[in-house]
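In: Quick one: sequence and predicted model below, then my questions.
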Amino acid sequence: MIYRETGQFKAHYQDDQALFPIDQDRYVIFGVLFVTFALVPYLLNEYWLNAILLPFLIYSLAALGLNILTGYCGQLSLGTGGFMAVGAFSVYKLMVAFPELGFIPLVLLSGLITAAVGTLFGLPSLRIKGFYLAVATLAAQFFLIWLFNKVGWFFNYSASGMINAPPMTIFGVIVTGPEANGVAKYYLVAGIVAVFALAAKNIARGRIGRNWMAIRDMDIAAELIGVRPLVAKLSAFAVSSFYVGMAGALYFAVWLGSAEPTEAFDINQSFLVLFMIIIGGLGSVLGSFLGAAFLVIMPILLKNIMVDGFGTDSALAAHIEIIVVGVLIIGFLIVEPHGLARLWRIAKEKMRLWPFPY
Amino acid sequence: MNRQNAAETILSVENISLSFGIMKVLDDISFDIKRGEIRSIIGPNGAGKSSMLNVINGFYHPQEGSITFKGETRKQMAPHVAASHGIARTFQNIALFKGMSTLDNIMTGRNLKMKTNLFWQALHLGPARLEELENREAAEQIIDFLDIQAIRKKPVGKLPYGLQKRVELGRALAAEPDLLLLDEPMAGMNSEEKEDMSRFIIDVNSQFGTTIALIEHDMGVVMDLSDRVLVLDYGKQLADGLPDEVRRNQDVIDAYLGVPHEHA
């Protein structure tokens, strides 16, 4: 089928405002959803689900969150790791204290707690911008990790300082803790990510998303047409932290099972998620997924190819992997500084006109 | 352009003085704008014209004086409050949202007309969807009015200068303002583009009844469009009156032709 919008006439504004106004896009999305929910769990083994798709989906959620803040609203943040830790420790405390609430409400609640914390640390954005704001959010990163290390209440005074996810069930199926199986965890995470990716797309194309982008592109003009910087920036911090907090909760409770703040949520996490959205594409929901895929799946694939395919020593393979991923990042950014999502957009433009050049 | 002087005053500026440090930018300026008129503010570079607009829409806070807009007197006001009271503006250097499409820019101009909360917007159902459609219709009317249908979905950063100016006018119009401040809407345009823009300004004024305050350097345009003209020079009020009176005013002629100031 050729990617072409010829003959797709829109008679009403709601047709033109649809999420995917072009039929082919719609088919692709339904196809992706079908593969995600109906085929993947049965075609792929536990290793693929647990070690590759789970982190990919969870990082996609975190990248979506950061993209809302940095990509849509233009506020640079290096506090992602810290906010993920807030989500993780919130869900841990809630799982221990209120297990009867059920896991999904607890994840949402920990997202809300993170939103509150994120809004608080977003306050400096009202006065400072750009790199200076990044430094201010760095303070959030270090302060939060220090807090979760120092204050015993957060990890229930466990001797190791680690937190362990107690097993919880949804409809009788265990989804957290060591006994949970890959398919159940995959469905849970994929479901949450799909719902909130849709929500992000909807927010981004509505009034709130436009106000964020207005603040990003020209804050003075935005203010003069009635966008309140306070509301726009803090709402971006809140929504972004909500996503990042949920990602942190899932990262800890569903994927890792146990976590220790300095290792699991250090500054490298913040950078990793930031690189995901830069490589994937700022201000793009699709870009968040592409960036996460690039930085999560690519290293694993490379390692597997080298170790299993060429019989490379695994320590050597780990080092080569770092080099290759680094080179690929630079390569991609030279080819398209605006990220993989832009490449996809350009490809679509080309396909619309194919086989003619213009 | 033949409004009687009896029209109601929409904005009156009284004894406004604004200084940055020891720089006196505006010195005891008083004037008024009547509902439905096109009011021009002219003057040489650095006269304080843009500062005057910035004071009116709350971006600068004058040290002295007060502003009465639609019967409400104030000394200070945040820009978004001014916007919500019905003051919109365009900028001397285009200040569009470059990463967004023409349509999104104009829709952002309508943000004060939209009220639904985050929850409904995330679902994009019910009130949020309805609101989006209603405002889309209003935005499309402006797109039709300005004849920019073809660039609806284009990112504005890539549009030619003249079109960007037009989109910016559209964004300001989207707010359905009572008072529209235009800061050099024709700067850098060729005569054809100027004619188009003049036509749009007249149409906005007569079709929507919008009151317009205009800063412009092209005297032909100013004299043709304006109902009344205010002349500023070095932050001082030099003249105020009908275009013909201003044109004949000796002080104005001196300011434009560069007669040295006694105290400068």
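Out: Perfect, thanks for sending it.

In: Residue A:242 touches residue A:112, doesn't it?
Out: Yes: using Cβ atoms under 8 Å, residue A:242 is in contact with residue A:112, at 6.6 Å. From N, CA and C alone the C-beta is placed, and that goes for glycine too.

In: More neighbours: the two, which one.
Out: residue A:242 (26 against 16; other Cβ atoms under 10 Å in any protein chain shown).

In: what separates the more buried one from chain B, distance-wise?
Out: 10 Å (Cβ to the nearest Cβ, to the nearest Å).

In: following the helix or strand hosting residue A:63, which helix or strand comes up?
Out: Assigned by DSSP states H and E, residue A:63 belongs to helix A:54-66. Next helix or strand after helix A:54-66 toward the C-terminus (DSSP H and E): helix A:80-97.

In: tell me the phi and psi of the most centrally placed residue in chain B?
Out: Centroid-nearest residue in chain B, with Cα atoms, centre = their mean: residue B:181, separated by 1.2 Å. Here is the backbone geometry of residue B:181 (degrees, to the nearest 10): phi -100, psi 120.

In: Leaving aside the residues adjacent along the chain, what's closest to it?
Out: residue B:89 (3.7 Å; Cβ to Cβ, 6 or more residues apart in numbering or on different chains).

In: what does residue A:282 give?
Out: In space, residue A:282 is closest to residue A:71, 3.7 Å off (Cβ to Cβ, 6+ apart).

In: Can you give me the neighbour number for that neighbour?
Out: 29.

In: residue ranges of the strands in chain A, please?
Out: A:163-164, A:169-170, A:173-174, A:258-259 (DSSP state E).

In: that older thread, the residue nearest to the centre of chain B against residue B:83, yeah?
Out: No: contact between residue B:181 and residue B:83 fails when scored by Cβ under 8 Å: they sit 11.1 Å apart.

In: before we move on, back to that, so for chain B, which of the strands of chain A sits nearest?
Out: strand A:169-170 (22.3 Å; Cβ to the nearest Cβ).

In: top helix in chain B by residue count?
Out: What stands out as the longest helix in chain B, according to DSSP state H, is helix B:126-146.

In: if I look at the closest residue to residue A:163 other than its chain neighbours, how far off is residue B:234?
Out: In space, and not counting its chain neighbours, residue A:163 is closest to residue A:92: 4.5 Å by Cβ to Cβ, 6+ apart. As defined by Cβ to Cβ, to the nearest Å, residue A:92 lies at a distance of 67 Å from residue B:234.

In: ok, now which ones touch the residue nearest to the centre of chain B?
Out: With Cβ atoms under 8 Å, 6 or more residues apart in numbering or on different chains as the criterion, the residues that contact residue B:181 are B:53, B:56, B:57, B:87, B:88, B:89, B:90, B:212, B:213.

In: Sort out for me which of those are in helices.
Out: B:53, B:56.

In: If you rank the contacts of residue B:181 by neighbours, which is first?
Out: Busiest of these [other Cβ under 10 Å] is residue B:87, holding 30 neighbours.

In: From residue A:220, how far out is that residue?
Out: Residue B:87 sits 15 Å away from residue A:220 when distances are taken as Cβ to Cβ.

In: quick one: contacts for residue 67?
Out: Defaulting to chain A. Residue A:67 neighbours (Cβ under 8 Å, 6+ apart): A:200, A:277, A:280, A:282, A:283, A:284, A:285, A:287, A:288.

In: Wait, chain B was what I had in mind.
Out: The contact partners of residue B:67, by Cβ under 8 Å, 6+ apart, come to B:11, B:12, B:13, B:14, B:16, B:55, B:56, B:73, B:74, B:75, B:77.

In: Okay, and the beta partners of it?
Out: For residue B:67, the beta-bridge partners are residue B:13, residue B:74 (DSSP bridges).

In: Per-residue pLDDT of it, please?
Out: At residue B:67, the model reports a pLDDT of 91.

In: quick revisit: neighbour count winner among residue A:92 and residue B:234?
Out: The neighbour count for residue A:92 versus residue B:234, taken as other Cβ under 10 Å, is higher for residue A:92 (25 against 18).

In: that older thread, so the residue nearest to residue B:181 touches residue A:224, yeah?
Out: Yes: the criterion here is Cβ under 8 Å, and residue B:89 meets it with residue A:224 at 6.0 Å.

In: roughly how far apart are the residue nearest to residue B:181 and residue A:226?
Out: For residue B:89, the distance to residue A:226 - Cβ to Cβ - is 11 Å.

In: One more: residue A:296?
Out: Counting by Cβ to Cβ, the gap from residue A:296 to residue A:226 is 41 Å.

In: show me the contacts for the residue nearest to residue B:181.
Out: Residue B:89 neighbours (Cβ under 8 Å, 6+ apart): A:224, B:53, B:57, B:172, B:180, B:181, B:182, B:183.

In: Test my guess that the third one contacts residue B:85.
Out: No: with contact defined as Cβ under 8 Å, residue B:57 does not reach residue B:85; the gap is 9.5 Å.

In: Enumerate the beta-bridge partners assigned to the residue nearest to the centre of chain B.
Out: What pairs with residue B:181, by the bridge criterion (DSSP bridges), is residue B:89, residue B:213.

In: Count the neighbours of whichever residue of the stretch 251-358 of chain A sits closest to chain B for me.
Out: Going by Cβ to the nearest Cβ, chain B is nearest to residue A:283 of the stretch 251-358 of chain A, at 6.8 Å. Neighbour count of residue A:283, defined by other Cβ under 10 Å: 24.

In: I'd like to check which residues are in contact with the residue nearest to it when sequence neighbours are not counted.
Out: The shortest distance from residue A:283 to any non-neighbouring residue, by Cβ to Cβ, 6+ apart, is to residue A:71 (3.8 Å). Going by Cβ under 8 Å, 6+ apart, residue A:71 touches A:277, A:281, A:282, A:283, A:284, A:287.

In: Near the second one, how many other residues are there?
Out: Around residue A:281 sit 26 other residues, with neighbours defined as other Cβ under 10 Å.

In: Enumerate every residue touching it.
Out: By Cβ under 8 Å, 6+ apart, the neighbours of residue A:281 are A:71, A:287, A:288, A:290, A:291, A:338, A:339, A:340, A:341, A:342.

In: ok, residue B:116 to chain A distance?
Out: Separation of residue B:116 from chain A (Cβ to the nearest Cβ) stands at 7 Å.

In: from memory that residue sits against residue A:202, does it?
Out: No: if you go by Cβ under 8 Å, residue B:116 and residue A:202 don't touch, sitting 11.4 Å apart.

In: higher neighbour count, the two?
Out: Neighbour count, other Cβ under 10 Å: between residue B:116 and residue A:202, residue A:202 has more, with 22 against 19.

In: what's the pLDDT at that one?
Out: Residue A:202 carries a pLDDT value of 94.

In: if I pick it, what's in contact with it?
Out: By Cβ under 8 Å, 6+ apart, residue A:202 lies in contact with A:19, B:121, B:122, B:123, B:124, B:128.

In: Can you classify residue B:92 by secondary structure?
Out: When classified by DSSP: H, G, I helix; E, B strand; the rest coil, residue B:92 comes out as coil.

In: what's the spacing between it and residue B:105?
Out: For residue B:92, the distance to residue B:105 - Cβ to Cβ - is 18 Å.

In: Tell me, what's the model's pLDDT at the residue lying closest to residue A:256 once chain neighbours are set aside?
Out: Among residues not flanking residue A:256 along the chain, residue A:264 sits closest, at 6.4 Å (Cβ to Cβ, 6+ apart). For residue A:264, the pLDDT comes out at 91.

In: again, but for residue B:126
Out: For residue B:126, the predicted pLDDT is 83.

In: That one and residue A:194: what is the separation?
Out: The gap separating residue B:126 from residue A:194 is 21 Å, by Cβ to Cβ.

In: which one of these two has more residues nearby?
Out: Here residue B:126 and residue A:194 are set side by side on neighbour count (other Cβ under 10 Å), and the busier one is residue A:194, at 15 against 11.

In: didn't residue A:252 look like it was pressed against residue A:90?
Out: No: the pair residue A:252 / residue A:90 is not scored as a contact, 9.8 Å apart, by Cβ under 8 Å.
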